[in-house]
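Enquirer: Got a sequence here, can you build the structure:
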Amino acid sequence: MSGPGSGLDYDLHVPDGADQTSTVAILLHGRGSHKGDLQGLVPVLPSDWVVITPQAPFSGMEWGYGPGWAWYRYVAENRLVEETLAESLGRLDDFLERLPEILGFAPTTIILGGFSQGGTMSIAYAMSRPGTVKAALNFSGFVAASLALPSGVEAETATPIFWGHGTRDPNIPFHMAIDGRQALNEAGVPLISADFPIGHWIVPEEIHEAVAMVESIG
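Expert: Predicted coordinates for the structure are as follows:
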């Protein structure tokens, strides 16, 4: 579905009794995927969470990503086409502004997360817009090379990040997780990391650790 003026198509899961006090998780799919993909995580997320999964704005077909959608055009390693990233970040700004229309209430707790490209987007959004979301959940994404990380006083208010990664990931190799985490740590960004002996996918244990991090934030 697409909400009034939201600009991005999305799928939505709203549990019974959800209201402005509910945690709203915005989950971003990976390269070449679609809005319905991460709705598959609903069974392993807290039953009272609202889960909304927007669809990336770029057609993946023109960049050779298959019939799905993309958040940015990838170059190599941790490099990407900045104009495409900026466009998607702006579209997410608009999407978050429309959440009260989409949900029927104004949420007070918003979590942003994603897999692969969606994880990279979540880090970029959280670092460039500190305090907009309660936490960012990165599942197998990376820190974009050109991303300006906070420093000094800014780091004290930086959005906490959970970073889960597979040590056998062939798509976004584990060394990119090591490098990205080091950059976040040096910037003073609150970071929780968890590694799993898997490839480029998500396991339930990873979700459980991410949820535990979110619930530990006051």
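
Enquirer: use CA for all of it now, contacts and neighbours both
Expert: Noted.

Enquirer: and the helix or strand of the chain with the lowest mean pLDDT, what does it pack onto?
Expert: In the chain, no helix or strand scores lower on mean pLDDT, DSSP states H and E than helix 153-156, which sits at a mean of 79. Helices and strands touching helix 153-156, as assessed by 3 or more Cα pairs under 8 Å, 6 or more residues apart in numbering; DSSP states H and E, are absent.

Enquirer: mind listing what the following helix or strand past it pairs with, with the direction of each?
Expert: Downstream of helix 153-156, the first helix or strand assigned by DSSP states H and E is strand 161-166. Strand 161-166 has the following sheet partners, assigned by DSSP bridges: strand 135-139 (parallel), strand 191-196 (parallel).

Enquirer: Strands along this structure, start to end?
Expert: 10-13, 23-28, 50-54, 58-59, 69-70, 74-76, 79-80, 109-115, 135-139, 161-166, 191-196 (DSSP state E).

Enquirer: just these: most buried one?
Expert: Comparing the strands of the chain by mean neighbour count (mean count of other Cα atoms under 10 Å), strand 135-139 comes out on top with a mean of 30.

Enquirer: related to what we said a few turns ago, could the strands of the chain go into a markdown table alongside mean pLDDT and distance to residue 182?
Expert: As requested, these are arranged in a markdown table below (pLDDT from 0 to 100; distance: least, Cα to Cα, whole Å):
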| stretch | mean pLDDT | distance to residue 182 |
| --- | --- | --- |
| strand 10-13 | 98 | 33 |
| strand 23-28 | 98 | 24 |
| strand 50-54 | 98 | 29 |
| strand 58-59 | 98 | 30 |
| strand 69-70 | 98 | 27 |
| strand 74-76 | 97 | 19 |
| strand 79-80 | 98 | 17 |
| strand 109-115 | 98 | 20 |
| strand 135-139 | 98 | 15 |
| strand 161-166 | 98 | 12 |
| strand 191-196 | 98 | 10 |
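
Enquirer: so can I have JSON lines of these showing distance to residue 183?
Expert: Converted to JSON lines, the strands of the chain look like this (distance: least, Cα to Cα, whole Å):
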{"stretch": "strand 10-13", "distance to residue 183": "32"}
{"stretch": "strand 23-28", "distance to residue 183": "23"}
{"stretch": "strand 50-54", "distance to residue 183": "28"}
{"stretch": "strand 58-59", "distance to residue 183": "28"}
{"stretch": "strand 69-70", "distance to residue 183": "25"}
{"stretch": "strand 74-76", "distance to residue 183": "18"}
{"stretch": "strand 79-80", "distance to residue 183": "15"}
{"stretch": "strand 109-115", "distance to residue 183": "19"}
{"stretch": "strand 135-139", "distance to residue 183": "15"}
{"stretch": "strand 161-166", "distance to residue 183": "13"}
{"stretch": "strand 191-196", "distance to residue 183": "11"}
